[in-house]
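>>> what follows is a predicted structure for the sequence shown.
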Amino acid sequence: ALLVFAFRKAGELRWLFRISLATSSAIIIYGLLQNFGILEAINTTGSRVSSVLGNPAYLGSYALIHVFLAIYLLTKDKKLGWKIFSAIGLFLNFWVIFLTQTRGAVVGLTMGLILLAVLTVIRSKSKKIKKISALALVVIILLSVLLLAFKNTALVQRSDTLRRVASISLESYTVKTRLAAWKSSLYAFKERPILGWGPENYGYAFSKYFPPEIYVDSGSRIWFDKAHSVFFEYLVTAGILGVMAYFGLLFLVIYSLFRSKRLSSMTSNIFISLVAGYTLANMFVFDTLSTYILFALVLAFTNNVAFRKREKEINFNYWKLALLGILILFFISWGYIVDFKAIQDNKKVLWATAYAREGYIQKAYQNYIAALDNNNRFTRYEISRELANFVRSKANNLQGYKAAEMFERAIKEMQKNIENDPN
């Protein structure tokens, strides 16, 4: 809502897009430091790049949106300097999607680019642009077909990303666990079909309808706090009304962009493809704060640039200014209590995960304990779970008395979790 009312002109929103693209480039450069082992970039995900977002899937969706924003800026900016800036941002975001090895993001990007090419061929008035788009469409489809046809060749198998994308199968463990989780989601939906279980309560629904078939061995992932699909996420947490509201909003955005007479066909095509690719990717992952903010930018663009509306001037008197100041102070204080401390907790856990991956068991344990000490915030539940997993897999490599201390602390923290939230 703030973005809609604060930034009403296309030029203002383009500056926001530039700032966001610059930010994404900095995040990606940090991710490249991870990937190539340069400096002391925190690496918690092995060969899959996650940068500061903590999860390769988060970075993949984040970069996907920026690919289309960079394409938009390339078509709009007239100055060579800005075009170079946008081209660099486009290259970095496109590259990092493959470094994340996130199949949902790769599929979303591919289908978004195919849709962009199709729309451009149909709607563009320039024969040259039509030909370029048709050629791009053929190349993308041909490369996709070749990837599937030669998925077992050495060329594909040497690339982690190409191998992961080409190996999408109903028989893979990841797909099986997702399907089992979605099946449980349907059971949970049937129990509360209208309004759902409430926001951020997917974990409770999943625990109640836990699918035992996803447990294979001690390394199996048996904990889902998200459905890994925006459709099932809203179906469980917001019910059928929430699903209708969410996808109805997406439809209105695409319809408004398509029908707008204030946008060029190219701009309209780019943002329609962005929304479609983003939605498709979200069918296999889930939204995070980083993508929510970007989607809010797209909504602000659609509302303020695609359609002209009457401006209503807002007059502030002293009472309104005082109330605004109080609200700002309240939200800053609340943000510090809820968000800043949680960010500090998560940073400690990231360091703990990185140390554990490199074999520094004692340093990893110390970071977990630092994140848990005097922590009665919502973050303690996941941190305790991560500590328990860490101790189970790593502590046996230590001397007996050290391992015993770790096991005792992990059990104590899990028991505390059960006491605080028995459901």
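Thanks, I have it.
>>> mind listing what the closest residue to residue 71 other than its chain neighbours touches?
Closest residue to residue 71 apart from its sequence neighbours, by CB to CB, 6 or more residues apart in numbering: residue 270 at 5.6 Å. Placement of C-beta: from N, CA and C, glycine included. Applying CB atoms under 8 Å, 6 or more residues apart in numbering to residue 270 gives the contacts 68, 71-72, 75, 116.
>>> lowest-confidence entry in those?
Minimum pLDDT for the contacts of residue 270 is recorded at residue 75 (92).
>>> need the contact list for the closest residue to that residue other than its chain neighbours.
The shortest distance from residue 75 to any non-neighbouring residue, by CB to CB, 6+ apart, is to residue 266 (5.5 Å). Contacts for residue 266 were tallied using CB under 8 Å, 6+ apart; they are 75, 120, 124, 129.
>>> return the helix or strand containing residue 266 as CSV; C-alpha atoms alone will do.
Using DSSP states H and E, residue 266 maps to helix 265-282. C-alpha atoms of helix 265-282 as CSV (Å, rounded to 0.1, in the frame of the first residue of the first chain):
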residue,chain,number,x,y,z
SER,A,265,2.9,-3.6,-26.0
MET,A,266,6.5,-4.5,-25.1
THR,A,267,6.2,-3.2,-21.5
SER,A,268,2.9,-5.0,-21.1
ASN,A,269,4.3,-8.2,-22.4
ILE,A,270,7.3,-8.1,-20.1
PHE,A,271,5.3,-7.6,-16.9
ILE,A,272,2.7,-10.2,-17.9
SER,A,273,5.5,-12.7,-18.5
LEU,A,274,7.1,-11.7,-15.2
VAL,A,275,3.9,-12.4,-13.3
ALA,A,276,3.3,-15.7,-15.1
GLY,A,277,6.9,-16.9,-14.6
TYR,A,278,6.8,-15.9,-11.0
THR,A,279,3.5,-17.6,-10.4
LEU,A,280,4.7,-20.8,-12.1
ALA,A,281,7.9,-20.9,-10.0
ASN,A,282,5.8,-20.4,-6.9
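>>> quick one, strands of the chain?
Counting by DSSP state E, the chain forms no strands at all.
>>> report the central residue of it.
Note on the chain: the residue nearest the mean C-alpha position is residue 58, at 3.1 Å, using CA atoms, centre = their mean.
>>> wait, it sits on residue 287?
No: if you go by CB atoms under 8 Å, residue 58 and residue 287 don't touch, sitting 9.4 Å apart.
>>> burial of the nearest residue to residue 378 once chain neighbours are set aside, as a residue count?
Distances taken as CB to CB, 6+ apart place residue 342 nearest to residue 378, at 7.3 Å, with adjacent residues excluded. Around residue 342 sit 14 other residues, with neighbours defined as other CB atoms under 10 Å.
>>> from residue 55, how far off is residue 342?
Separation of residue 342 from residue 55 (CB to CB, to the nearest Å): 16 Å.
>>> then residue 302?
The value you get for residue 302 to residue 55, if CB to CB is used, is 28 Å.
>>> tell me who's in contact with the nearest residue to residue 352 once chain neighbours are set aside.
Spatial nearest neighbour of residue 352, chain neighbours left out: residue 367 (3.6 Å); criterion: CB to CB, 6+ apart. Going by CB under 8 Å, 6+ apart, residue 367 touches 348-349, 351-352, 355.
>>> let's see 7 Å
Counting by CB atoms under 7 Å, 6 or more residues apart in numbering, residue 367 touches 348, 351-352, 355.
>>> picking up where we left off before, write a ChimeraX command that selects only the buried members of the contacts of residue 266.
Written as a ChimeraX command, the selection of buried residues from the contacts of residue 266, which uses 16 or more other CB atoms under 10 Å, is:
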select :120,124
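>>> circling back: what subset of the contacts of residue 270 is buried?
Using 16+ other CB under 10 Å as the burial test, those include 68, 71-72, 116 as buried.
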